[in-house]
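Undergrad: starting from these lines, generate the structure:
(one chain, ligands or ions: 2)
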Amino acid sequence: MDINLHQRTFHIQNKHLLTLKDYTPSEIFEILYMARDLKKSLKAGEFRTDLKGKTLAMIFAKSSTRTRVSFEMGIRQLGGEGLFLSSNDIQLGRGETIHDTVKVLERMSISGIMIRTFKQSDVEDLAKYGTIPIINGLTDLCHPCQVLADLLTIWERKRDLQGRKLVFFGDGNNMANSLMVGCAKCGMEVVVACPEGYEPDQGFLEHAQKYGPVSVSHDPKAAAKGADVLYTDVFFSMGQKPDPRKFEEMMRFQVNDELMALAKPDAMFLHCLPAHRGEEVTASVIDSPASFVFDEAENRLHAQKAVMYFLMK
Ligand code: CP
Ligand code: NVA
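TA: Ligands and ions are numbered 1, 2, ... in the order given. This is a model prediction of the structure:
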């Protein structure tokens, strides 16, 4: 499970990216290596046509900056096209079924669908009823594309993944779920440090634990000790109502200088963004040299180009 010993196959079995639970460690490594190649190729100014003639429909039922721009730019850079569909503007938002939506899109030569929505079952249903690749661009349950970018960022900075310790602080949300699975499959240790009652999904936790040491802690300071990566996310995910009690409980898990000082001296800070300075992270941490949040955001582009390359080529 050491990424640096991985023998490339230039192939993945999966037809979709619904959750990282469906991916083997080897498939995750294939994506990370391809992302690294595509990043180099872009920086070298190469003109690519891997997805020429392909169109990705991008359905958004929630807001987005990074996901939207990275998919749109990513498919363009591979010679294809992106079609932005806000679910408010298409009939899906007025009750047309997932079944009918995917049937119609594929009749119109759409080659793949990226969807950001609430229910994981909607993403799974697109894959069930359609014949084209489906990519999960975030649901309430998970955010696999973000974690592929996160793993690429850690690999680039640390030069390895195996044995590294990542601690996620805050709400046991979609990010926590995907990080547990993605990092464990790459040989990392994961601790989710959250208030009681805000634990990550049990199914994701148990799945991740089959691959490596993954645990939940209610003690942020104990969790931070010896960490290579400190990670956090908003207290209130899209679709959740702000709640003063939850806010107060979450503040105990804020990533600040005190917590950073407990980690390894060369520990890095990551955040999927958007961030709220003064809430889940202090400005002194997110704006410090230990923070790689913009590398992480950039890597969304490269990681998702690799995903589209494998699923849509
Ligand atoms: N991290 C992330 O998915 O950002 P957006 O919500 O801007 O897409
Ligand atoms: N947990 C956050 C992630 C945003 C990228 C949300 O779902 O809003």
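Undergrad: around ligand 1, pick out the residues from the chain.
TA: When proximity is defined as Cβ under 6 Å from any ligand atom, the chain approaches ligand 1 at S64, T65, R66, T67, L138, Q146, C272, L273. Every C-beta, even on glycine, is put in place using the N, C-alpha and C of the backbone.
Undergrad: same thing but at 8 Å, please
TA: Selection of the chain residues close to ligand 1 by Cβ under 8 Å from any ligand atom yields 62-68, 70, 116, 137-138, 143, 145-146, 238, 272-274, 297, 300.
Undergrad: which of the residues you listed count as buried?
TA: Buried by 16 or more other Cβ atoms under 10 Å: 62, 64, 66-68, 70, 116, 137-138, 143, 145-146, 272-273, 297, 300, out of those.
Undergrad: now, among those, which is nearest to ligand 2?
TA: Proximity of these to ligand 2 (Cβ to the nearest ligand atom) peaks at C272, which lies at 4.7 Å.
Undergrad: spatially nearest residue to the closest one (excluding sequence neighbours)?
TA: Nearest residue to C272, sequence neighbours excluded (Cβ to Cβ, 6 or more residues apart in numbering): Q146, at 4.9 Å.
Undergrad: the helix or strand where that neighbour lies - contacts with which helices or strands?
TA: For Q146, the element it lies in under DSSP states H and E is helix 144-158. Judged by 3 or more Cβ pairs under 8 Å, 6 or more residues apart in numbering; DSSP states H and E, helix 144-158 is in contact with helix 25-43, strand 134-136, helix 174-185, strand 268-271, helix 293-312.
Undergrad: could you single out the most deeply buried of those?
TA: Neighbour counts (mean count of other Cβ atoms under 10 Å) averaged over each of those peak at helix 174-185, with a mean of 29.
Undergrad: where does the stretch 1-150 of the chain dip in pLDDT?
TA: Of all residues in the stretch 1-150 of the chain, none has pLDDT under 70.
Undergrad: mind running it again at 90?
TA: 1, 88 (pLDDT under 90).
Undergrad: residue numbers of it in contact with ligand 2?
TA: So the stretch 1-150 of the chain meets ligand 2 at K62, S64, R66, T67, L138, D140, H143, Q146 (Cβ under 8 Å from any ligand atom).
Undergrad: touching, the third one and A275? I think so.
TA: This points to R66. No - the pair R66 / A275 is not scored as a contact, 11.8 Å apart, by Cβ atoms under 8 Å.
Undergrad: how much space separates the closest residue to ligand 1 within the stretch 101-250 of the chain from M268?
TA: Relative to ligand 1, the nearest point of the stretch 101-250 of the chain is Q146 (5.2 Å; Cβ to the nearest ligand atom). To M268, Q146 is 16 Å away according to Cβ to Cβ, to the nearest Å.
Undergrad: also L56?
TA: L56 is 31 Å from M268, by Cβ to Cβ.
Undergrad: now swap in A227 and tell me
TA: 9 Å.
Undergrad: does I110 count as helix, strand or coil?
TA: coil (DSSP: H, G, I helix; E, B strand; the rest coil).
Undergrad: could you do G212 as well?
TA: Classified using three-state DSSP, G212 is coil.
Undergrad: near it, how many other residues are there?
TA: By the measure other Cβ atoms under 10 Å, the count of residues near G212 is 19.
Undergrad: try S217
TA: When neighbours are counted by other Cβ under 10 Å, S217 comes out with 15.
Undergrad: again with R245
TA: For R245, using other Cβ under 10 Å, the count is 7.
Undergrad: having no further points to raise, I will conclude here.
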